[in-house]
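Q: I'd like to go over a predicted model; first the sequence, then the structure.
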Amino acid sequence: MNNPTTYKASCFCGNVQISLSGEPEAMAYCHCDSCRRWSASQVNAFTLWKPENITITSGKDKIESYSGNPGSEHDSEVSHRKWCKSCGGHVLTEHPEMGVTDVPAVVISGLSFKPGFHVHYQESVQPISDDLPKFRDLPAEAGGSGEQIG
C-alpha cells in the first residue's frame with residue numbers, strides 16, 4: 001500500500017490549518033518586488049503544489065484574500081494571496097494561470113526545504129551566492145523564457 005507523505009501548515013495563530021499531500025512540484029526563491037512586499041522579506045522561499053494536494057482542514061472562514069500584483073511589472077499575472085483574518089499570517093497564494101498554489105515554505109511543518117532555482121533574480125535586493133540557476137523570469141517548463149542571468 002502506498003502511503004503518500006502528508007505535511008501540515010498553518011497561519012501564525014493556528015486558526016487556519018492546511019494539509020498538504022505528496023511532495024511540492026517545485027521549491028525555489030522568488031526575488032520579485034511583489035513577492036518581497038507580500039512576504040515582508042528580501043527573498044521569498046516558496047513551494048508550489050497542485051491545488052488538489054491542498055486541503056484547508058480548519059479556519060476556512062478565517063481566510064481573507066487579495067487578487068492582483070499592484071505596482072509590479074508582473075501585474076498582468078493575477079495571483080490570489082490568502083491570509084488569516086485573525087493574525088495576518090500568510091497561508092497560500094493561488095496562481096491559476098500556472099495551475100499551482102504557493103504555500104510559503106516557512107509555514108509548513110516538517111518539510112525539508114530544498115530549493116531548485118531562483119526566479120526574477122534581476123530584481124534581487126539580497127543576492128544569494130549559490131550554485132542554483134537564477135532566472136530572469138521563470139523556467140521555460142513553467143511558462144517563462146528560461147533565460148538565466150548572473
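A: Structure's in. What do you need? Numbering: from 1, shown residues only.
Q: what about the residue positioned nearest the centre of the chain, which helix or strand?
A: The structure's the chain has its C-alpha centroid closest to residue 102; by Cα atoms, centre = their mean the separation is 3.1 Å. Assigned by DSSP states H and E, residue 102 falls within strand 100-104.
Q: which neighbouring elements make contact with that strand?
A: Applying 3 or more Cβ pairs under 8 Å, 6 or more residues apart in numbering; DSSP states H and E, one finds that strand 100-104 makes contact with strand 44-49, strand 90-95. Yep, even glycine has a C-beta here, placed from its N, CA and C like the rest.
Q: and the helix or strand bottoming out on mean pLDDT in the chain, what does it pack against?
A: Ranked by mean pLDDT, DSSP states H and E, the weakest helix or strand in the chain is helix 33-39, scoring a mean of 90. Counting by 3+ Cβ pairs under 8 Å, 6+ apart, the packing neighbours recorded for helix 33-39 are strand 44-49, strand 90-95.
Q: in a markdown table, list the ones you listed along with mean neighbour count.
A: As requested, the helices and strands packed on helix 33-39 are exported to a markdown table (neighbours: other Cβ atoms under 10 Å):
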| stretch | mean neighbour count |
| --- | --- |
| strand 44-49 | 22 |
| strand 90-95 | 22 |
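Q: out of these, nearest to residue 107?
A: strand 90-95 (6.6 Å; Cβ to Cβ).
Q: quick one: residue 65 and residue 85 touch, right?
A: No - in this structure residue 65 lies outside contact range of residue 85 using Cβ atoms under 8 Å: 10.0 Å.
Q: neighbour count for these two, which is higher?
A: Per other Cβ atoms under 10 Å, whichever of residue 65 and residue 85 has more neighbours is residue 85, with 14 against 11.
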